[in-house]
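K.L.:
Predicted model and sequence below, questions to follow.
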Amino acid sequence: MSAPRHFLDLKDYDGAALRRILDRALAFKAGDPDRPLEGKTLAMIFEQPSTRTRVSFEVAMRQLGGHVIVLSGQETQVKRGESWADTARVLSRYVDAIMIRTDNHDKLTELAANAEVPVINGLTDRSHPCQLMADVMTFEERRGAIAGKRIAWSGDGNNVATSWIHAAARFDFDFAVGCPPERRPPADALAWAEANGARVSVHDDPAAAVSDAHAVVTDVWVSMNDGGESSRHNLLAPYRVDERLMAEARPDAIFLHCLPAHRGEEVAGAVIDGPQSVVWDEAENRLHAQKGILAWCLGR
């Protein structure tokens, strides 16, 4: 039996494989009627709340001909002490793939190491690769090939920022991070970027990061059950993406945010609701990108 084709982190795959997934996603968005997952079942485990991930995966699976089973964190025997390894072994006998959205990346890797079916990372505290596939797709729909472009991040160096670092290496663009020293992306992610020739730079000054950028990206300042909310807000306030910071980017720069957004915190309402914002296209593209991922993991 061949090893399952997991989708865990962008760094695990080369650029050509990721590009094939995006090409398939674009074909589905354009109306490709293929239903490659007829008779397949996806189990979705949610230990973290979800709007976009749940709805987009469920609709994607159904539109590709498959079925879904949804389990909350309270509905699995993990809550009563069963290991993720045993959960993986059992679910592999029932379903054709597993998607998990969790607070701990180690749960994902334990699940994948013991599953006989593909496991998909729907989000962990370390990364969010499905979101990045939608983000790259959205950028290229609006501004052409992302290779050679400059993408800027302003805010917390969180799990989404880490996946942008991975994407910079695999899709060959410059990635500039603006964040306070205390909230830099993880050291291992930056070390991986350097080892893999990614053009990633980190700046204390958000304006320096955003300068001449083709896209500006941010995310909420507190998520994934993080503590220290008030101190985090004080630390990150200078990195809010407002009209003045967007003006440091190229005149035709677009604004991206994975949502949900807290207007007035990480982003000004005038930016996210303004003409440079593509966040609603970005949210829609979660559906199409995940069709590409599901077809790659499970289909022909």
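P.N.:
Thanks, I have it. Because the structure is predicted, anything quoted here is derived from the model rather than measured.

K.L.:
measure residue 223 to residue 15 for me?
P.N.:
Using Cβ to Cβ, to the nearest Å, we find residue 223 at a distance of 28 Å from residue 15. No exception for glycine: its C-beta is placed from N, CA and C like everyone else's.

K.L.:
you'd agree residue 102 is up against residue 50?
P.N.:
No: if you go by Cβ atoms under 8 Å, residue 102 and residue 50 don't touch, sitting 10.9 Å apart.

K.L.:
per-residue confidence at the residue nearest to residue 167 when sequence neighbours are not counted?
P.N.:
Distances taken as Cβ to Cβ, 6 or more residues apart in numbering put residue 132 closest to residue 167, at 4.8 Å, once the chain neighbours are dropped. Predicted confidence (pLDDT) for residue 132: 98.

K.L.:
three-state assignment of residue 132?
P.N.:
Here residue 132 is recorded as helix under DSSP: H, G, I helix; E, B strand; the rest coil.

K.L.:
burial of it, as a residue count?
P.N.:
25 (other Cβ atoms under 10 Å).

K.L.:
show me the contacts for it.
P.N.:
The contact partners of residue 132, by Cβ atoms under 8 Å, 6 or more residues apart in numbering, come to 10, 160, 163-164, 166-167.

K.L.:
what pLDDT, on average, does the lengthiest helix in the chain get?
P.N.:
Secondary structure assigned by DSSP state H gives helix 279-298 as the longest helix of the chain. Averaging pLDDT along helix 279-298 yields 98.

K.L.:
And it, what does it pack against?
P.N.:
With contacts defined as 3 or more Cβ pairs under 8 Å, 6 or more residues apart in numbering; DSSP states H and E, helix 279-298 has these neighbours: helix 15-29, helix 52-63, strand 97-101, strand 119-123, helix 129-143, strand 254-257.

K.L.:
buried residues in that helix?
P.N.:
Across helix 279-298, burial judged by 16 or more other Cβ atoms under 10 Å covers 279, 281-298.

K.L.:
sorry, back to before: among the contacts of residue 132, which lie within helices?
P.N.:
Counting by DSSP H, the part of the contacts of residue 132 found in helices is 160, 163-164, 166-167.

K.L.:
Next, format these as CSV and append distance to residue 273, pLDDT and neighbour count.
P.N.:
Listed next are those as CSV, based on distance: Cβ to Cβ, whole Å; pLDDT from 0 to 100; neighbours: other Cβ atoms under 10 Å:
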residue, distance to residue 273, pLDDT, neighbour count
160, 21, 98, 27
163, 25, 98, 26
164, 23, 98, 29
166, 29, 98, 25
167, 26, 98, 25
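
K.L.:
which regions of this protein lie under the pLDDT threshold?
P.N.:
Low-confidence segments of the chain (pLDDT under 70): 1, 224-228, 300.

K.L.:
Mind doing that once more with 90?
P.N.:
1-2, 48-49, 73-76, 78-80, 222-232, 299-300 (pLDDT under 90).

K.L.:
For it, which residue occupies the most central location?
P.N.:
Nearest to the geometric centre of the chain sits residue 131, at 2.6 Å (Cα atoms, centre = their mean).

K.L.:
OK, contacts around it?
P.N.:
123, 160, 163, 258, 286.

K.L.:
From residue 187, how far off is it?
P.N.:
22 Å.

K.L.:
now residue 296, nearest residue through space, not along the chain?
P.N.:
Nearest one to residue 296, counting by Cβ to Cβ, 6+ apart, is residue 21 at 4.9 Å.

K.L.:
Quick check: the one you found touching residue 130?
P.N.:
No: in this structure residue 21 lies outside contact range of residue 130 using Cβ under 8 Å: 10.3 Å.

K.L.:
what do the two both touch?
P.N.:
Between them, residue 21 and residue 130 share the contacting residues 289, 293, judged by Cβ under 8 Å, 6+ apart.

K.L.:
Tell me which of these two has more neighbours.
P.N.:
Using other Cβ under 10 Å, the more surrounded residue of residue 21 and residue 130 is residue 130, with 27 against 22.

K.L.:
wait, which of the contacts of residue 132 is closest to residue 265?
P.N.:
residue 160 (15.4 Å; Cβ to Cβ).

K.L.:
got the contact list for the closest one?
P.N.:
If you count contacts by Cβ under 8 Å, 6+ apart, residue 160 has them with 128, 131-132, 217, 219, 258.

K.L.:
re the thing from before, more crowded one of residue 102 and residue 50?
P.N.:
Of the pair residue 102 and residue 50, residue 102 is the one with more neighbours under other Cβ under 10 Å, namely 21 against 16.

K.L.:
picking up where we left off before, now the ones in helices among the contacts of residue 132 in a markdown table, with distance to residue 114?
P.N.:
Converted to a markdown table, the ones in helices among the contacts of residue 132 look like this (distance: Cβ to Cβ, whole Å):
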| residue | distance to residue 114 |
| --- | --- |
| 160 | 27 |
| 163 | 24 |
| 164 | 29 |
| 166 | 24 |
| 167 | 28 |
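
K.L.:
Many thanks, have a good one.
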